[in-house]
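**Student:** Give the three-dimensional model of this entry:
(one chain, ligands or ions: 2)
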Amino acid sequence: MRFLLIDPPHKIWTILRAWTPSPGCLQLLAYLKREGFDIDYMDCTLNENPWGDLEEKVRREKPEVIGISVICTAFIYDGMNAASLVKAVSPQSTIIMGGEHPSFMAEETLRDCTAIDYVCVGEGEVTLTQFLRAIEKKEDLSKILGLAYLNEKGDFVYTGDRPFIENLDTLPMPAYHLAQMDHPYIELPSEGRRGLVLNFSRGCTWDCTFCSESAFYKKTWRRRSPKLIADELQFLKEKYNRSIFYVGDNTFNVVREQGVGFIEEMLKRKTNQHFWLQSRADLIIRDEDLLDGYREAGVYQFMMGLEYHSDSVLKDIRKRHSVEQARKAMELLKKHKLMVMATLLIGHWNETKEDRSQFLKFFRKYVDHFGLNLITPLPGTPLFWKMKEMGRIMDWDYRNYDYLHAIMPTREADYLEQVNLIYKDIMRQYYWRPRELLKLLSPNPILRHHHRYYITQVAFNIMMHEIFGTPMWVQPNYQEYKDYLVDRGEELPKELMTLSK
Ligand code: B12
Ligand code: SF4
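**Tutor:** Ligands and ions are numbered 1, 2, ... in the order given. This is a model prediction of the structure:
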């Protein structure tokens, strides 16, 4: 039985201009390989002709089962388009989609795109294994936990929650050999060296209202042990010469021992690799005595979701730390010569102009990297359900759910365009300051490179676009699905037109 896993063609994020093979896909593939399946993988974003190559491959190989991965809400239409395309050229293939967004919105996904036969809800390894075995043996699929589908009558069926894998150490190393590790897009251009995005834990034990990860993993956190993390990092250095990493774990050090073990392992291995980790203000304070160790082990920056400068907003989004803790955590990181990246959320309902000026004053004093986001009601989160009920969601085009587009108005800005302008204005005020421009000459090579890259490439491109209307950056091989179909002279069915716009 042949199984093809597809990461559909996506538009690379303008801000990062980086691509990475999905850690979730590589993990799934390694698991299926160990279970003895005949697997193949296509990370379409990297192909010269993403849609055309996908069509050709499926037409030629006609895999029995095709898996489609959609990890971000912003990618859901790409996934649906890929499903429609492969179903059209290989109608006998069974299509199963997995990932965060379809898990949360299984019924909507199945109804919006009838080319998708099944949705895998939640973690994929065990569900997909049982699903493929059952298809092979023509067994009843309704007994497999974690599956959603529409039955013959068109009713939505969900087979029930699959328990999470207890111990992540039982998983094999991600199947890097199936990724195009030498492709020029697989890089972190802002970091200046051969980089990669990785993932070593799942979930988070906090419950911020806007967070899809905490919702997906039901407020649980599991981790791979530091020894296996270090094995993977060393392997990536030796085999693929990767030396700088964004570690995608939402909260790296939920338990202190994870940091202790990581530091010990990396100091032992001496791989000369560097890491960007994510944590919380309260955990940075808790582990202050480990900060020097983190730095010596190669960590150069912590990203913290500090979100806002007011306790009432923090309370409202259930951040569960205070502004004072945010300030202290930033000071501690500085004191221990670690860079501070803060992800911040603006666009709150009661926000005023005065709030925003306080916001800038508070954060610009400390942060090296300013991760400004617009609060986004990601489907599946408590914020989403609440905002939906209150009727505040004004943009239902999921492509815009990337934290850079306004989705909801505020009390003072009725139109999304006004909220978008507010966002741009804060970015301008933050970046076009002498102090920020001085970072272009910073003695810290990572900070200097990052700023040169960001200001001369990304910010410059955005500014030229806004002033002169020059095109925004897009990866050279990018093609919209609609254009692909139109190029072939196809008449688009109405429902496809909405999805492929
Ligand atoms: C790697 C990553 C990326 C990569 C994407 C690479 C790729 N090829 O898709 C990059 C760096 C490019 C990226 C970009 C963005 N990302 Co991102 N990213 C991640 C990250 C760090 C890791 C994902 C991961 O591997 N998780 C671990 C694996 C095990 O979980 P998983 O992917 O969900 O896969 C499991 C299941 O979902 C399921 N599954 C998945 N696919 C399939 C397929 C089948 C067939 C089956 C059966 C099962 C299945 O099984 C897997 C194994 O159990 C997560 C944060 C996190 N910690 O998860 C954010 C995350 C996914 N990203 C997010 C966002 C918002 C974005 C951006 C839109 C904007 C932004 N602010 O970052 C941009 C995208 C814009 C763009 N055009 O590029 C959000 C998504 C929220 C949402 N619901 O939309 C997350 C959750 C971060 C967050 N907390 O906000 N990202
Ligand atoms: S601390 Fe971060 S990862 Fe955890 S729930 Fe809050 S936003 Fe999500």
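**Student:** Taking the centroid of this structure, which residue is nearest it?
**Tutor:** What sits nearest the mean C-alpha location of the chain, by Cα atoms, centre = their mean, is Cys72, with 6.0 Å.
**Student:** Please tell me how far that residue sits from Tyr401.
**Tutor:** From Cys72 across to Tyr401, the span is 8 Å (Cβ to Cβ, to the nearest Å). Every residue, glycine included, has its C-beta placed from N, CA and C.
**Student:** which residues are in contact with both of the two?
**Tutor:** Residues touching both Cys72 and Tyr401 by Cβ atoms under 8 Å, 6 or more residues apart in numbering: none at all.
**Student:** End to end on stretch 390-404, go ahead and measure it.
**Tutor:** Stretch 390-404 has its terminal residues 22 Å apart, counting by Cα to Cα, to the nearest Å.
**Student:** Run through who's touching that stretch.
**Tutor:** The list of residues contacting stretch 390-404 from outside it, by Cβ under 8 Å, 6+ apart, reads 13-15, 72-74, 76-77, 101, 349, 373-374, 376-379, 384, 387, 405-409, 416, 423.
**Student:** Now a PyMOL select for only the buried ones of those residues.
**Tutor:** Listed next is the PyMOL selection for buried residues among those, using 16 or more other Cβ atoms under 10 Å:
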select buried, resi 14+15+72+73+74+76+77+101+373+374+376+377+378+379+384+387+405+406+407+408+409+416+423
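**Student:** Show me where the stretch 301-450 of the chain has its strands.
**Tutor:** With DSSP state E, counting those that start in this stretch as the criterion, the stretch 301-450 of the chain has strands at 339-346, 369-374.
**Student:** Most tightly packed of the ones you listed?
**Tutor:** For those, average neighbour numbers computed from mean count of other Cβ atoms under 10 Å are highest in strand 339-346, which has a mean of 21.
**Student:** Any idea how far that strand is from the middle of the chain?
**Tutor:** Taking the mean C-alpha point of strand 339-346 and that of its whole chain, the gap between them comes to 16 Å (Cα atoms, centre = their mean, to the nearest Å).
**Student:** How is Asp483 assigned, secondary-structure-wise?
**Tutor:** Secondary structure state of Asp483, per DSSP: H, G, I helix; E, B strand; the rest coil, is helix.
**Student:** What number of residues are in the vicinity of it?
**Tutor:** Counted by other Cβ atoms under 10 Å, the residues lying close to Asp483 total 12.
**Student:** Could you measure from it over to Asn420?
**Tutor:** For Asp483, the distance to Asn420 under the criterion Cβ to Cβ works out to 25 Å.
**Student:** got it, and Arg2?
**Tutor:** Using Cβ to Cβ, one obtains 45 Å as the distance from Arg2 to Asn420.
**Student:** More neighbours: the two, which one.
**Tutor:** Set side by side, Arg2 and Asn420 show unequal neighbour counts under other Cβ under 10 Å, the larger going to Asn420 at 17 against 14.
**Student:** ok, and the closest non-adjacent residue to the more buried one?
**Tutor:** Closest residue to Asn420 apart from its sequence neighbours, by Cβ to Cβ, 6 or more residues apart in numbering: Ala406 at 4.9 Å.
**Student:** The one residue in the stretch 251-400 of the chain that gets nearest to ligand 1: what's it in contact with?
**Tutor:** Minimum separation of the stretch 251-400 of the chain from ligand 1 (Cβ to the nearest ligand atom) falls at Leu378, amounting to 4.4 Å. Contacts were defined as Cβ under 8 Å, 6+ apart; by that measure Leu378 touches Thr73, Phe210, Cys211, Ser212, Phe384, Tyr401.
**Student:** okay if I get the residues you listed as CSV plus pLDDT?
**Tutor:** Rendered in CSV, the data for the contacts of Leu378 read as follows (pLDDT from 0 to 100):
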residue, pLDDT
Thr73, 97
Phe210, 98
Cys211, 98
Ser212, 98
Phe384, 98
Tyr401, 96
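**Student:** Closest one to ligand 2 out of the residues you listed, please.
**Tutor:** Cys211 (3.0 Å).
**Student:** and the gap between the closest one and Leu228?
**Tutor:** Spatial separation of Cys211 from Leu228 under the definition Cβ to Cβ is 26 Å.
**Student:** what about these two, which has more around it?
**Tutor:** Set side by side, Cys211 and Leu228 show unequal neighbour counts under other Cβ under 10 Å, the larger going to Cys211 at 22 against 17.
**Student:** about what we covered before: out of the contacts of Leu378, who's near ligand 1?
**Tutor:** Taking Cβ under 6 Å from any ligand atom as the test, ligand 1 is in contact with Thr73, Ser212, Tyr401 out of the contacts of Leu378.
**Student:** how far away is the residue nearest to the second one when sequence neighbours are not counted from Cys211?
**Tutor:** I take that to be Ser212. Taking Cβ to Cβ, 6+ apart as the measure, Ser212 lies nearest to Leu378, with 4.4 Å between them; neighbours along the chain are not counted. As judged by Cβ to Cβ, Leu378 and Cys211 stand 8 Å apart.
**Student:** Same question for Ala342.
**Tutor:** Note on Ala342: its distance to Cys211, by Cβ to Cβ, is 16 Å.
**Student:** what about Ile422, neighbour count?
**Tutor:** Ile422: 20 neighbours (other Cβ under 10 Å).
**Student:** so who does it touch?
**Tutor:** With contacts defined as Cβ under 8 Å, 6+ apart, the neighbours of Ile422 are Ile346, Gly347, Arg356, Ala413.
**Student:** what about 10 Å?
**Tutor:** Taking Cβ atoms under 10 Å, 6 or more residues apart in numbering, we find Ile422 in contact with Ile346, Gly347, Glu351, Lys353, Arg356, Leu374, Ala406, Thr410, Glu412, Ala413.
**Student:** Just the buried subset of the residues you listed, please.
**Tutor:** When burial is judged by neighbour count using 16+ other Cβ under 10 Å, the buried members of the contacts of Ile422 are Ile346, Gly347, Glu351, Arg356, Leu374, Ala406, Thr410, Ala413.
**Student:** hey, what's the first one bridged with?
**Tutor:** Meaning Ile346. Partner residues in beta bridges with Ile346: Leu374, with DSSP bridges as the criterion.
**Student:** Quick one, grab the pLDDT at it.
**Tutor:** The per-residue pLDDT reported for Ile346 equals 98.
**Student:** again, but for the fifth one
**Tutor:** According to the per-residue confidence, Leu374 scores 98 in pLDDT.
**Student:** close enough to count as contact, it and Met427?
**Tutor:** No: counting by Cβ atoms under 10 Å, Met427 is not a contact partner of Leu374; they are 11.0 Å apart.
**Student:** touching ligand 1 at all, stretch 159-170?
**Tutor:** No: when contact is scored as Cβ under 6 Å from any ligand atom, no part of stretch 159-170 falls within range of ligand 1; the minimum is 7.8 Å.
**Student:** Can you list the neighbours in contact with that stretch?
**Tutor:** Counting contacts by Cβ under 10 Å, 6+ apart, the residues touching stretch 159-170 from outside are 27, 31, 118, 120-127, 130, 141-149, 171, 200-203, 217-218, 220, 222-225, 227-228.
**Student:** Now that stretch: buried residues?
**Tutor:** Neighbour-count burial for stretch 159-170, with 16+ other Cβ under 10 Å as criterion, is recorded at Thr159, Arg162, Leu168.
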